[in-house]
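J.: Here is a sequence with its predicted model. Questions after.
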Amino acid sequence: MHFTVRELEAAGAAGLNLEDQTFPKRCGHMSGKDVIAMDEMVRKVDAARCAARDPDFVINARTDALAVLGLEETIRRGNAYARAGATLVYVEAVRSEEEIAAVVAGIEAPVSITLGEGGRTPLLTFERLQELGVARVSCPGTALFAAIRGIEDALRALRQNDGPAAHASRIADLNHYREVIGWGEVDRLERRYA
């Protein structure tokens, strides 16, 4: 952990996530998870905090204990991780607004959660989560899930319309793609050096 934090800082990272889930890791919103012993995770957090040179280096200590060990143990672990030096306590797969309120009230550190379409956590608004006291929200699947649906829709339209012409105005074109990937800079460098 020590060298990982040092290398991340040297590379310019502002922080990292640490997990108490056993290996092999599973998505937090799936069943079949297990967690390591609390003292093992405490040592991971402590090692990361001691290794960090920047006092503002963020350690987001994730716990999957809720699904495995319940609310009380989740709060106990969250507080232990905070005492060990975690900046945030990331409680995975909270199942209700009431559970969100309980972990925020019980954990003596800023609480982080994840919202995922089709996951166990209710898709509350950011405003409501802020009212509940949640400090950080991530939506890691949103763009990926949107892309999957977009790809499915585009392929369906190709088949139904016998080619791309009928839906060309509804999707990105080659020029937009080149802009998104920064092709202008590649082209400029190529002209200069090739």
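T.: That came through fine. Bear in mind the structure is a predicted one, so any value in this text is a computation, not a measurement.
J.: residues near Cys27, how many?
T.: A count of neighbours around Cys27, defined by other C-beta atoms under 10 Å, yields 17. (Glycine included, C-beta is placed from N, CA and C.)
J.: Equivalent analysis for Ile181, please.
T.: Neighbour tally, Ile181, other C-beta under 10 Å: 10.
J.: Please report how far it lies from Ala11.
T.: 23 Å (C-beta to C-beta, to the nearest Å).
J.: Same check on Ile113?
T.: Counting by C-beta to C-beta - Ile113 and Ala11 are separated by 27 Å.
J.: how far away is Ala82 from Asp34?
T.: 22 Å.
J.: For these two, work out which one has more neighbours and name it.
T.: Ala82 (20 against 14).
J.: Helix or strand: which one has the more buried one?
T.: Here Ala82 sits within helix 71-84, counting by DSSP states H and E.
J.: hang on, the earlier thing: what about Ile113 and Ala11, which has more around it?
T.: Neighbour count, other C-beta under 10 Å: between Ile113 and Ala11, Ile113 has more, with 24 against 7.
J.: So which residues make contact with the one helix or strand the more buried one maps to?
T.: Assigned by DSSP H and E, Ile113 belongs to strand 111-114. For strand 111-114, contacts defined as C-beta atoms under 8 Å, 6 or more residues apart in numbering pick out 28, 60, 62, 78, 88-94, 100, 103-104, 121, 129, 133-140.
J.: Any figure for the gap between the nearest residue to Ser138 once chain neighbours are set aside and Asp54?
T.: Sequence neighbours aside, Thr114 is the residue nearest to Ser138 in space, at 5.0 Å (criterion: C-beta to C-beta, 6 or more residues apart in numbering). Distance, Thr114 to Asp54, by C-beta to C-beta: 25 Å.
J.: Among those two, which residue is more densely surrounded?
T.: Thr114 (22 against 11).
J.: How about exporting the helix ranked longest in the chain as CSV, limited to the C-alpha atoms?
T.: Across the chain, the helix with the greatest residue count (assigned by DSSP state H) is helix 142-160. This file holds the C-alpha atoms of helix 142-160, laid out as CSV (Å, rounded to 0.1, in the frame of the first residue of the first chain):
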residue,chain,number,x,y,z
THR,A,142,-24.3,5.9,-16.4
ALA,A,143,-22.2,6.7,-19.5
LEU,A,144,-21.4,3.0,-20.1
PHE,A,145,-25.1,2.0,-19.9
ALA,A,146,-26.1,4.9,-22.1
ALA,A,147,-23.5,3.8,-24.7
ILE,A,148,-24.7,0.2,-24.6
ARG,A,149,-28.3,1.4,-25.3
GLY,A,150,-27.1,3.8,-28.0
ILE,A,151,-25.2,1.0,-29.7
GLU,A,152,-28.2,-1.3,-29.6
ASP,A,153,-30.5,1.4,-31.0
ALA,A,154,-28.0,2.3,-33.8
LEU,A,155,-27.6,-1.4,-34.8
ARG,A,156,-31.3,-2.0,-34.7
ALA,A,157,-31.9,1.2,-36.9
LEU,A,158,-29.2,0.0,-39.4
ARG,A,159,-31.0,-3.3,-39.9
GLN,A,160,-34.5,-1.8,-40.0
